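> dropping the sequence and predicted coords here.
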Amino acid sequence: MSRILVLHGANLNLLGVREPELYGHTTLSEIDAALRARAAQLGVELETFQSNHEGELVEAIQRARGNVDAIVINAGGFTHTSVAIRDALAAVGIPTIEVHLTNIHAREEFRSRSFIAPVALGQICGFGPLSYLLGLEAAKRCLEGRT
């Protein structure tokens with residue numbers, strides 16, 4: 001059975017109340033519940049982790065080495081600033097899918113640059129909470145060689 005880690009970065013714990021006109025009303029708990037349900041359907045083990053601290057995300061990525069088969073990550077604002085998270089993903093060599101609730105390429109110019117994209121298999125953005133489910137599905141398919 002494949003094991004997939006979903007990482008949520010900075011401020012994602014505030015989903016549902018943080019700028020709902022942009023990020024919607026779905027909470028992080030609701031996203032995690034939907035991910036757990038979809039993981040069960042796909043027959044994968046799922047672990048989720050959220051942190052507002054860059055170092056904690058780096059440590060979670062490092063702990064994943066040898067323990068998970070794929071990572072789905074929404075690093076939040078760290079997407080555009082964190083060489084450390086990018087380097088951790090590159091170092092562990094775990095297939096990674098980058099996801100975002102909003103279309104980062106249609107927002108402020110600084111958001112269109114992702115440090116994670118060059119070390120990820122792909123990026124899914126702009127579909128709200130569905131981005132996470134699509135990322136989970138993509139990770140599963142990549143692990144099965146069905147991309």
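Yes, it's here.
> buried ones in the helix or strand bottoming out on mean pLDDT in the chain?
In the chain, no helix or strand scores lower on mean pLDDT, DSSP states H and E than helix 20-23, which sits at a mean of 90. Residues Tyr23 are the ones in helix 20-23 that count as buried (16 or more other Cβ atoms under 10 Å). Glycine gets a C-beta too; all of them are placed from N, C-alpha and C.
> just stretch 102-115 next, same as before
Neighbour-count burial for stretch 102-115 flags Thr102, Ile104, Arg111, Ser114, Phe115 (criterion: 16+ other Cβ under 10 Å).
> and if you look at stretch 51-65?
The neighbour-count check on stretch 51-65 (16+ other Cβ under 10 Å) flags Ser51, Asn52, Glu54, Leu57, Val58, Ala60, Ile61, Ala64 as buried.
> among these, which are located in helices?
Counted as lying in helices by DSSP state H, out of these, are Glu54, Leu57, Val58, Ala60, Ile61, Ala64.
> if I look at the first one, how far off is Ala34?
Put plainly, it is Glu54. Glu54 sits 26 Å away from Ala34, taking Cβ to Cβ, to the nearest Å as the criterion.
> which element, helix or strand, includes the spatially most central residue of the chain?
Of all residues in the chain, the one closest to the mean position by Cα atoms, centre = their mean is Ile73, 1.8 Å from it. Using DSSP states H and E, Ile73 sits in strand 70-74.
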